[in-house]
Structures are given as C-alpha cells and as structure tokens.
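>>> Pasting the sequence and the predicted model now:
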Amino acid sequence: MQLLRAGDRVAALATAKELARDAPDVADAHQLLGVCCAEMADAKATISAFERALTLAPEQPVILFNYAAAQRKLGAEASALACLQRAVAAAPGYSNAWIELGQSALRLDQAALALSALTRALELQPDSATAWHAYGSAQRANNRLESAEAAFRRSLELSPKAATTWVNLGAVLRLRGRADQAIACFETAQRLGLAGAELGDALAGAWLDVGDPAQSLARAREVVRGFPAFVPAQVTLAHLLWEYGGGLAPAEDALAAFRAAVAAQPAHLEMRLALAQFLLAAQQLDEALHHIRILRRHAEHPSHLRMEANALHALGQTDAAAELFAALDRQLTDRDPTFLNDYVRHLLTTGRIETAAARALEATRIDPENQTSWAYLSTAWRLLDDPREHWLCDYDHLIALLPVEPPAGLADQAAFLDALRQSIEPLHLAAREPVQQSLRGGSQTPGRLFGRDSVVLAATQQSLLQTVNDWLHTLVRDRNHPFRGRITAGVQICGSWSVKLWTSGKHVNHIHPQGWMSSAFYLALPPSVTAPINGDSQPGFIQFGQPPSELGLGLPPRRVIRPEVGKLALFPSYMWHGTVPFSDQQPRISIAFDMTPEQP
C-alpha cells in the first residue's frame, strides 16, 4: 500500500504477487493483489484475485467494497454497482458502502435507486458532508430541485470549503431560476481554488441567464482560448453568437471558432461530432454530412450511421437514407427509442405507415414516457384511421384554454399583465431564435424564467399552477394512458421561458420531449390576432394535431384555438402544436412552461 501511495505501481504489484504466493489462503492477500492489478488496468487478473478473496471470505463487505472500486477503475460501473449491493446486503450498517452505492447508481442514471441508497446512508451517518452532497445529486437527478438545494446547503454547513459542492449548489440554483445566486456560488468555488473549463462554462451560462450576454460572451471566449479542446465551451460560444451575435458581434460567423477548433484538432472526434450536431440543427446539411462521413471513417458507430441517415433524409435523399436506416434496424438488437423515433419519421415520410406505427409502438413500450414516440405514433394511427389516435390525443378534452386569476395584490388583470410584461420584456435581448427551438422570427429568454428574483414572476407562477391543478382535477385517470395515467396530486415545473414573436413570426409544429404537460400563457397579442375573424384567416392562432411540415403528409390541424390575453393553454407534451404566422408591428408575447407529475 505504501508503494501504491508513492506511485510505484510496478513494485507494488510485484510485492502483492509475492504476498499472495506466501499466503495463498489469506483473503486480504488476494484482495490486495486485486487492487494492484486494477491499478495496472489488468481486468482479468483483477477479477481472478478478488474472486479468490471472496472464495476465502464469502460476502466479506470490505472486500466487496474494494472490488467495486476496482471494477469502477476498470470502467465496469454495472459490475461495481452489483458488488456494492452485495456489500450492503451483507452489512446493512456499512454507511460508506451505501454512499458508494448511491453514487454508482447516479453514474448509471438509476436515480430512484440512488435516492434510496443515500437516504439509508444519511440514516446511518447524518453528519456526513459526502453523504449529503451525494444525496443532493440524487435529488437533482429526480428533478427535486428544492430538496437538492437543501441537501447541498447542509453539506456545506458540514464542509464549507468543499468547492465542488459550491459548484453543484450553483447548478441547482441556476435550474431554479436564481442565476444571480448561482454566480455567487461559482465565484466562491473559484476563491476556494477550483478552476477549469467546466466552471468557466457554467459561469458563461449563468451570466446569460441574468441578462448580461456581453459578459457571457466574454467568459465563453475566455474558456475557448484557455481550453480549446473543451467541447461544451465551443458549443456555448456557437449558441451565443448564433442568438446574440447580431447585436454583440454582427460581422462574426457564429460557427467560425467551432470550425477552426475542429480544423486544429482533426482527431478530436467528440469536437467534430458536436459541430456536426450543431450543423444538423442549423439545417446546414451538406457541411454536417461532410463531418459525419469523416467520423464514420474514424469510428463505425451506430450513432454516426444514424446521423448520416438523418442528414440524407433531410437532404431529400430518401433512398440512400432508407438503406442506412434498414441496416441499423437489423444491427440494433438493443432497441434504442432515439433511433426508433428517427426511423419512424423516415418511414412516415416515405409512406410506410404500418411499419412506422409498429416501430413507434415498440418505442413507447421500451420508454413509456418518451413524448416523441407518442407524437409519431399519434400521426401513424391518424394515417391508418385508427381510433386510438383520438384515445391518445382526445383533442376535445386534453386541450384547454383557461382564464388565470390575477395574483393577490394585482387584482386588476390589466395591471397584472402590464407588471408582468415589464418584468419579462427586458429579458428578450437575443437578435434571433435559438438554433434548436421551434420559433422562427422571434426571441426566447435564456435559462429558467420562474425562480428569478421577481415578486411578480413568483406570484404569476403560483396563479398559473393553481389554474393547472384545478384543471387536472377535472380529468379522468386512465392507468393505460400516457398522459391520464400519470396524473398525480400536482405538478412540478421542469422548464420555463418566454417567447416574443415578431411580425411574420411563428412556431413550427413541434412537441416538448422533456415534459409531460406543456403550456402557453398569453401576455400580449398583436391586433391581427384579436380582431374579428375574417374568412379563413387565423393569424397568430395556436394549432394542434398537425405534424411537422417536413414529414410532407399534408395533414390539417385537428383543432385550432385563438389565443386570448390572460388565458393559459394546456395540453399533453406529446401533442403536435404550432402557430400561424401574423403580420403586425406589435409582438406576440407568451410564457411557456413544461411540467412533470409531482412525485410523492
């Protein structure tokens, strides 16, 4: 162990082998050999040594704990998790094993298991800063942001100089809409000596959230200069220049720095992949396809093949896309809903409706909460004249336009809406829409809208949630239904923003993949939207049930609603929706937020 701590792995391994030969029936000797083998990345020898140790000392919790650490070092996280589960079964009071089990579950995206394990760890070790920190991460993974914040704050009470905990607290505060407090946390972490690209990138995002895109852009440029191989910073810079460059750097190509980074690091496949993804989202398809094919030459991975199929599909080369999708469909024995959704989109476009319906249904069985899969399934059922479309979408009852009571203290609706608009309009600083969103000809506020230090926004959130909960209580539950079956006593907001559409602006038809229920609260509408209807004109109206135009299906909307100032539209997140363009000098301003069912 002294040799290992000194960094002399070769001598440590030689000594451990000698010890295991001299003491062949001592479990700790083989355990120590396993630790040394893991340091040398020798997976076969590591497993052999630890299994021998466990034969000599069956289910010994410390050996299992160290076996898990060795497996994790070798990249076998699932095996590490299994070892830790055996350790806590053998020793239910082993608090450190419960902490490690929770952290391992988090790394494997098993959020519920992580929360359960860390709850037990805190029962055993209530004053452990490490346990509280991990518990906060588990609460965040379960989208329980208020509880996550409380856990991180408790961890900092126990260990106030833990820079990483300050960063995680800042990340949660940013998700809760309190970006100013997040900046303070990130800067505290810096004062404690933490530095690096991740922290710089987080600060760039937080400065944008508080409404200072110039400071955000300066921070993003600083991170890119200091850490040119850090992919998220290149993505952040590209997004900032895309949305805000018209005002801050009007002559600069939003992707110039990104392209230069790829050119300077041609073997950095993660960087090239991120650029290709951005180009696909920006509809710069030929250039995206160029980079995807380079990626495929370096590494033949199913995700690269899927990206090329998507690019070819978007370019209208449907026969070539069909060959790639069919090849992937044969290769992927572990069915991936992301691939299935892309394949279903292609099948719908090329008229293979029955196959599309079958694949979409398969995707919903793999991931019953996948909103994109349900959206495509609704379209396939509609094209097949299958009555299940109306069971799924129920356009008459699962879409609502509801009045919202003004918050206490702002009983007059006009005063309420005026105060709300004054709070929101200064946040609309972008020169154009985000690259990956549905709006065209407008701006979207950055970060989380709700949670900001604004009395009127906080009061608005409460009034909107009251309206939501009152409506949910009128709906009939159906445990087999992807929306009705998830109704609980309330909701939690998982995203909130405002959209300002300018003349000729619109939302293309889309869904909200991160939500369960979505919304639009109308704050200001131009005259053409509120004027008496003239013929078939529906400027600025919201429409439901019409799939995206790029599918080429020519289906009309199932239901169209005229927005009304001060009213809230509610609908399942998987329902296709968009807006009709309008021509007015006055903007169309709304607040939107996605929700998931409140967890018990």
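Everything's here; your move.

>>> Report how many residues lie close to M40.
13 (other C-beta atoms under 10 Å). Every C-beta, even on glycine, is put in place using the N, C-alpha and C of the backbone.

>>> Can you read off the backbone torsions of it?
Here is the backbone geometry of M40 (degrees, to the nearest 10): phi -90, psi 10.

>>> From A14, how far out is it?
As judged by C-beta to C-beta, to the nearest Å, M40 and A14 stand 11 Å apart.

>>> Quickly list what's touching both of these two.
Here M40 and A14 share no contacting residue, scored by C-beta atoms under 8 Å, 6 or more residues apart in numbering.

>>> where along this structure do the strands fall?
400-403, 439-444, 491-507, 517-524, 542-544, 559-561, 567-572, 577-579, 588-597 (DSSP state E).

>>> For these, give me CSV that also has mean neighbour count.
Output for the strands of the chain, formatted as CSV (neighbours: other C-beta atoms under 10 Å):
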stretch, mean neighbour count
strand 400-403, 15
strand 439-444, 20
strand 491-507, 20
strand 517-524, 23
strand 542-544, 21
strand 559-561, 17
strand 567-572, 22
strand 577-579, 24
strand 588-597, 22
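
>>> Adding mean pLDDT, write the ones you listed out as CSV.
Converted to CSV, the strands of the chain look like this (pLDDT from 0 to 100):
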stretch, mean pLDDT
strand 400-403, 97
strand 439-444, 89
strand 491-507, 91
strand 517-524, 96
strand 542-544, 96
strand 559-561, 96
strand 567-572, 98
strand 577-579, 95
strand 588-597, 96
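
>>> Would you tell me which of these gets closest to H390?
Among these, the nearest to H390 by C-beta to C-beta is strand 559-561 (11.5 Å).

>>> Run through the residues that contact the residue positioned nearest the centre of the chain.
Centroid-nearest residue in the chain, with C-alpha atoms, centre = their mean: Q514, separated by 7.1 Å. When contacts are counted by C-beta under 8 Å, 6+ apart, Q514 touches Q371, C494, G495, S573, D594.

>>> can you list those residues in JSON lines and add distance to L347?
Converted to JSON lines, the contacts of Q514 look like this (distance: C-beta to C-beta, whole Å):
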{"residue": "Q371", "distance to L347": "19"}
{"residue": "C494", "distance to L347": "30"}
{"residue": "G495", "distance to L347": "30"}
{"residue": "S573", "distance to L347": "23"}
{"residue": "D594", "distance to L347": "28"}
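
>>> Quick check: the two most widely separated of those?
Top of the distance list for the contacts of Q514 (C-beta to C-beta): Q371 and G495, 12.7 Å.

>>> shared neighbours of the two, which are they?
Common neighbours of Q371 and G495 (C-beta under 8 Å, 6+ apart) are Q514, G515.

>>> out of the contacts of Q514, who's nearest F544?
Of those, the one sitting nearest to F544 (C-beta to C-beta) turns out to be S573, at 12.2 Å.

>>> Leaving aside the residues adjacent along the chain, what's closest to the closest one?
G515 (3.6 Å; C-beta to C-beta, 6 or more residues apart in numbering).

>>> which residues touch the one you found?
Per C-beta under 8 Å, 6+ apart, neighbours of G515: Q371, C494, G495, S573, D594, M595, T596.

>>> And the pLDDT for it?
With respect to pLDDT, G515 scores 96.

>>> where's it relative to A281, distance?
In terms of C-beta to C-beta, G515 sits 20 Å off from A281.

>>> What of Q139?
Q139 sits 31 Å away from A281, taking C-beta to C-beta as the criterion.

>>> now H473
39 Å.

>>> Neighbour count: these two, which is higher?
Set H473 next to A281 and count neighbours by other C-beta under 10 Å: A281 wins out with 15 against 10.

>>> from memory that one sits against P434, does it?
No. Between A281 and P434 there is no contact under C-beta atoms under 8 Å: 9.3 Å.

>>> so where's the stretch 201-350 of the chain shaky on pLDDT?
Scanning the stretch 201-350 of the chain with the threshold set as pLDDT under 70 gives 333.

>>> Kindly state the domain boundaries assigned to the protein.
342-393, 400-597 (automatic domain parsing).

>>> Pipe those domains into CSV and attach distance to E149 per row.
Formatted as CSV, the domains of the chain follow (distance: least, C-beta to C-beta, whole Å):
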stretch, distance to E149
domain 342-393, 25
domain 400-597, 11
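
>>> Go through these and name the closest to A121.
Proximity to A121 (C-beta to C-beta) singles out domain 400-597 among the domains of the chain, at 24.7 Å.

>>> chain center to the closest one: distance?
Offset of domain 400-597 from its chain centre (C-alpha atoms, centre = their mean, to the nearest Å): 20 Å.

>>> what's around the residue lying closest to R72 once chain neighbours are set aside, how many residues?
Nearest residue to R72, sequence neighbours excluded (C-beta to C-beta, 6+ apart): A80, at 4.3 Å. A count of neighbours around A80, defined by other C-beta under 10 Å, yields 26.

>>> Equivalent analysis for S48, please.
S48 - counted by other C-beta under 10 Å - has 15 other residues nearby.

>>> List the contacts of it.
Contacts of S48 (C-beta under 8 Å, 6+ apart): none.

>>> Tell me how far it lies from G490.
Taking C-beta to C-beta, one finds S48 at 53 Å from G490.

>>> what's the answer for H133, then?
H133 is 28 Å from G490, by C-beta to C-beta.

>>> Equivalent analysis for A322, please.
When A322 is compared with G490 (using C-beta to C-beta), they lie 45 Å apart.

>>> Which one's more surrounded, the two?
A322 (18 against 14).

>>> In contact with that one, which residues are there?
H346, T350.

>>> looking at the domains of the chain, which is closest to A229?
domain 400-597 (22.5 Å).

>>> Can you measure across that closest one, start residue to end residue?
18 Å (C-alpha to C-alpha, to the nearest Å).

>>> same question, stretch 466-485
21 Å.

>>> just stretch 287-307 next, same as before
13 Å.

>>> Which residues does that stretch contact?
Contacts for stretch 287-307 (C-beta under 8 Å, 6+ apart): 262, 267, 269, 272-273, 275-277, 279-280, 308, 311-312, 315, 324, 327-328, 331-332, 336, 338-339, 342.

>>> mind running it again at 6 Å?
Identification of contacts with stretch 287-307 by C-beta atoms under 6 Å, 6 or more residues apart in numbering yields L269, R272, L275, A276, L279, L280, E308, A311, L324, L328, F339.

>>> what's the closest of those to V223?
Scanning the contacts of stretch 287-307 for proximity to V223, where the rule is C-beta to C-beta, the winner is L275, at 16.8 Å.

>>> residues contacting that closest one?
L275 neighbours (C-beta under 6 Å, 6+ apart): F258, V262, H291.

>>> ranges for the helices of the stretch 151-300 of the chain?
163-175, 179-191, 197-209, 213-226, 231-248, 256-264, 269-281, 285-298 (DSSP state H, counting those that start in this stretch).

>>> Output those as JSON lines; include the columns distance to L457.
As requested, those are exported to JSON lines (distance: least, C-beta to C-beta, whole Å):
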{"stretch": "helix 163-175", "distance to L457": "16"}
{"stretch": "helix 179-191", "distance to L457": "13"}
{"stretch": "helix 197-209", "distance to L457": "13"}
{"stretch": "helix 213-226", "distance to L457": "20"}
{"stretch": "helix 231-248", "distance to L457": "22"}
{"stretch": "helix 256-264", "distance to L457": "34"}
{"stretch": "helix 269-281", "distance to L457": "29"}
{"stretch": "helix 285-298", "distance to L457": "38"}
